[in-house]
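Novice: Structure for the following, please:
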Amino acid sequence: MNSEIPIRSSSCLRISAVLFAVMAVATLGGCARSKIDSSADTKVETNTDPNLFSLPHPEQFPVVEVELREVTDELHVNGVIAPDVNRSVPVVSLGGGRVVEIKARLGDSVRKGQTLLLIESPDLSQAFSDHQKFKADEQWAAKQLARAQLLYDKGAIALADLETAQDADAKARVDTQTAAQRIKVLGGNLNAPSPLLPVVAPISGTIVDQQITGGSGVKSLDNSPNLFTIADLSTVWVVCDVYEDMLSRVHVGDTAEITLNAYPDQKFPGKVVNISEVLDPATRSAKVRIELPNPQGLMRAGMFVTAAFKARQLIERVVIPATAVVHLHDKDWVFVPAGNNQFRRVALQLGPQTSDGFVQVASGLKPQDKVATNALQLSSAAEEQ
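Specialist: Model (predicted):
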């Protein structure tokens, strides 16, 4: 009996040690959880606005209040010069045949009535042949009428026979006149019969399109393409694409100042004559057409230009110093005070610059707003923070 007591005591000691270890682990786990829970309750606030900047010395960047002025609204867009379709005339041939000589080519300046090409035309040959036949018939009918008139005067024939001769003579003269008119329409010369059909310029201008070459066949009028296109370039069009959000700033009758890439130091006045009623679904823009005088011939079809639209009436618009604007990421920005040593970066849509170093603001600012006067330095300081 006595020998079993130490064994039970040692067992109890081991059990007590295990229980103590388990309690110690549980206590440490609770402490760890309490530390984790306490750390989870701590929140760190950070600035997630990429356009809000905090500066340690904002007094280094003076600010000014924006101004409100009456200015002329201007909009600058790109465009291309095109011929005035009302002054462009296609050149066609009313007779078919084969081209034997080309006397004018693409880009040439031509005068009204100038021969552009010669066509060996069976149609013209047939027209001359018909005219000769009808002219012979007319001469025969005239002789028959003279004979009938003589016989009638002597009582040898009845009045009906005389009227028949008169009718034949009238019809023969009509046929001759019709054949002569056909030769004239085709472009032939009655005084110089020839199978060569000259195609002449219907107006004076510049050949802007050519669809014929030497030796080519010219088909009949109903299925023949235009041989040439002649445009009078004394007045041209400037065609611009104006985006949907800017259409409200352009009106028919507004003046436009055109600058050619080829002549950047010269400006040419034009007038808005049409704004398309349909938008291009791909670009969401409308075609704006400007009529532009071209007395010196400097404007050529296909030239790229810059058009500055100017409204007819003055408008009130915010203006700011040009130094208050910085261009970043293809946008124009200003820095507006936001309190607590902070500046907010705001995107703008700018208008033209004035002669006194200010720039118009089409959108992005309103009256009584303030902006930093040196946006470039402030931007550099903000990037260093």
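
Novice: What segments of the protein are helices?
Specialist: Counting by DSSP state H, one finds helices in the chain at the ranges 4-40, 122-153, 159-186, 375-384.

Novice: average pLDDT across the shortest one?
Specialist: What helix 375-384 shows for mean pLDDT is 86.

Novice: per-residue confidence at Ala40?
Specialist: So, for Ala40, pLDDT stands at 38.

Novice: scratch that, Asp222 is what I was asking about
Specialist: Predicted confidence (pLDDT) for Asp222: 58.

Novice: One more: Thr323?
Specialist: Thr323 is given a pLDDT of 93.

Novice: With Ile290 instead?
Specialist: Reported pLDDT for Ile290: 95.

Novice: State the distance from it to Ala362.
Specialist: Separation of Ile290 from Ala362 (Cβ to Cβ, to the nearest Å): 21 Å. Heads up, the C-betas are built off the backbone N, CA and C, glycines and all.

Novice: Same drill for those two, tell me which one is more crowded.
Specialist: The residue with more neighbours, out of Ile290 and Ala362, is Ile290; 26 against 17, by other Cβ atoms under 10 Å.

Novice: Would you mind confirming that the more buried one is in contact with Phe268?
Specialist: No: at 9.9 Å, Ile290 does not count as touching Phe268 under the criterion of Cβ atoms under 8 Å.

Novice: Would you mind grabbing the residues shared as contacts by these two?
Specialist: Jointly contacting Ile290 and Phe268 under the rule Cβ atoms under 8 Å, 6 or more residues apart in numbering are Ile258.

Novice: worst-scoring helix or strand of this structure, pLDDT-wise?
Specialist: Within the chain, confidence by mean pLDDT, DSSP states H and E is lowest for helix 4-40 among all helices and strands, at a mean of 43.

Novice: where in the protein is pLDDT low?
Specialist: Of all residues in the chain, those with pLDDT under 70 make up the ranges 1-47, 220-224, 385.

Novice: could you redo the last one with a cut-off of 80?
Specialist: Residue ranges of the chain with pLDDT under 80: 1-49, 72-74, 219-225, 311-313, 352, 355, 384-385.

Novice: care to break it down by domain?
Specialist: Annotated domains of the chain cover 1-42, 53-69+315-384, 76-85+232-314, 94-230 [automatic domain parsing].

Novice: which non-adjacent residue is nearest Arg69?
Specialist: Nearest residue to Arg69, sequence neighbours excluded (Cβ to Cβ, 6 or more residues apart in numbering): Val319, at 5.2 Å.

Novice: Next up, the contacts around the one you found.
Specialist: Counting by Cβ under 8 Å, 6+ apart, Val319 makes contact with Val66, Glu67, Leu68, Arg69, Val71, Thr354, Phe358, Val359, Gln360, Val361.

Novice: count of neighbours near the closest residue to Glu244 other than its chain neighbours?
Specialist: Leaving aside its sequence neighbours, Glu244 sits nearest to Arg284 (Cβ to Cβ, 6+ apart; 4.7 Å). Number of residues near Arg284 (other Cβ under 10 Å) recorded here: 11.

Novice: what's the distance between Arg284 and Val278?
Specialist: For Arg284 relative to Val278 (Cβ to Cβ), the value is 11 Å.

Novice: before we move on, what about Tyr243?
Specialist: Distance, Tyr243 to Val278, by Cβ to Cβ: 14 Å.

Novice: And these two? Which one has more around it.
Specialist: More neighbours surround Tyr243 than the other of Tyr243 and Val278, with 13 against 7 (other Cβ under 10 Å).

Novice: Count residues in the vicinity of the residue lying closest to the more buried one once chain neighbours are set aside, would you?
Specialist: Ranked by Cβ to Cβ, 6+ apart and with sequence neighbours excluded, the top spatial neighbour of Tyr243 is Ser285, at 4.9 Å. Look at Ser285: counted by other Cβ under 10 Å, it has 19 neighbours.

Novice: Then Gly215?
Specialist: By other Cβ under 10 Å, 10 other residues sit near Gly215.

Novice: next one: stretch 184-196 to chain centre, how far?
Specialist: 45 Å (Cα atoms, centre = their mean, to the nearest Å).

Novice: pull the CA atoms of it into PDB?
Specialist: Output of stretch 184-196 as PDB, limited to C-alpha atoms (Å, rounded to 0.1, in the frame of the first residue of the first chain):
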ATOM      1  CA  LYS A 184     -22.700  72.100-133.000                       C
ATOM      2  CA  VAL A 185     -23.600  70.300-129.800                       C
ATOM      3  CA  LEU A 186     -21.000  67.600-130.400                       C
ATOM      4  CA  GLY A 187     -18.400  70.400-130.800                       C
ATOM      5  CA  GLY A 188     -17.800  70.200-134.600                       C
ATOM      6  CA  ASN A 189     -17.400  73.000-137.000                       C
ATOM      7  CA  LEU A 190     -19.800  73.200-140.000                       C
ATOM      8  CA  ASN A 191     -17.300  75.200-142.000                       C
ATOM      9  CA  ALA A 192     -14.500  72.600-141.500                       C
ATOM     10  CA  PRO A 193     -15.900  69.100-141.500                       C
ATOM     11  CA  SER A 194     -13.600  66.700-139.600                       C
ATOM     12  CA  PRO A 195     -14.000  63.400-137.700                       C
ATOM     13  CA  LEU A 196     -11.800  64.900-134.900                       C
END
